[in-house]
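Engineer: Mind folding the following:
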Amino acid sequence: QLQLVESGGGLVQPGGSLRLSCAASGFSLDNYHIGWFRQAPGKEREGVSCFSRSGGSTKYADSVKGRFTISRDNAKNTVYLQMNSLKPEDTAVYYCAAERASLISRCVLPGKYDYWGQGTQVTVSS
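Structural biologist: Now for the predicted structure:
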């Protein structure tokens with residue numbers, strides 16, 4: 001059974017940092033593009049970042065460029081989203097997702113992701 005499980009969310013003060021994890025089971029993440037998305041109350045889901053299957057390409061939403069970093073640990077079958085300099089507007093439920101992909105393709109946002117995790121809440125507040 002293919003499953004994605006996010007963790008690492010929580011409450012943090014503005015300017016603080018969090019690292020989200022997305023652990024996969026039932027399949028190997030290095031055969032998929034992996035994306036991070038977020039949805040705040042009353043807002044549409046937003047693509048935050050993605051990591052291409054090949055490992056050679058990443059993308060970021062303009063709102064997080066320079067603050068967030070996506071990475072993948074193949075040995076742990078886990079993708080991470082390091083979030084620094086957090087702002088109140090980063091408050092949302094964060095989801096990871098996996099998209100079947102060829103080795104030569106590059107991830108895009110929002111893309112067409114096949115598998116989704118249950119989400120983890122990130123709250124940035126003083």
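Engineer: In terms of helices and strands, where is the residue positioned nearest the centre of the chain?
Structural biologist: Centrality entry for the chain: nearest residue to the mean C-alpha point is W36, 2.3 Å, by Cα atoms, centre = their mean. Using DSSP states H and E, W36 maps to strand 32-39.
Engineer: Pull up the pairing partners for the very next helix or strand once past that strand, direction included.
Structural biologist: Next along the chain after strand 32-39, taking DSSP H and E as the criterion, comes strand 46-51. According to DSSP bridges, strand 46-51 forms sheet pairs with strand 32-39 (antiparallel), strand 58-60 (antiparallel).
Engineer: give the contact list for the residue with the largest distance to the centre of the chain.
Structural biologist: Ranked by distance from the centre of the chain (Cα atoms, centre = their mean), the top residue is S126, with 23.9 Å. For S126, the contact set (Cβ atoms under 8 Å, 6 or more residues apart in numbering) comprises Q13, P14. (C-beta placed from N, C-alpha, C; glycine too.)
Engineer: on that earlier part again, mean pLDDT and distance to E6 added to the strands paired with strand 46-51, as CSV?
Structural biologist: Shown next, in CSV, are the strands paired with strand 46-51 (pLDDT from 0 to 100; distance: least, Cβ to Cβ, whole Å):
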stretch, mean pLDDT, distance to E6
strand 32-39, 97, 9
strand 58-60, 97, 18
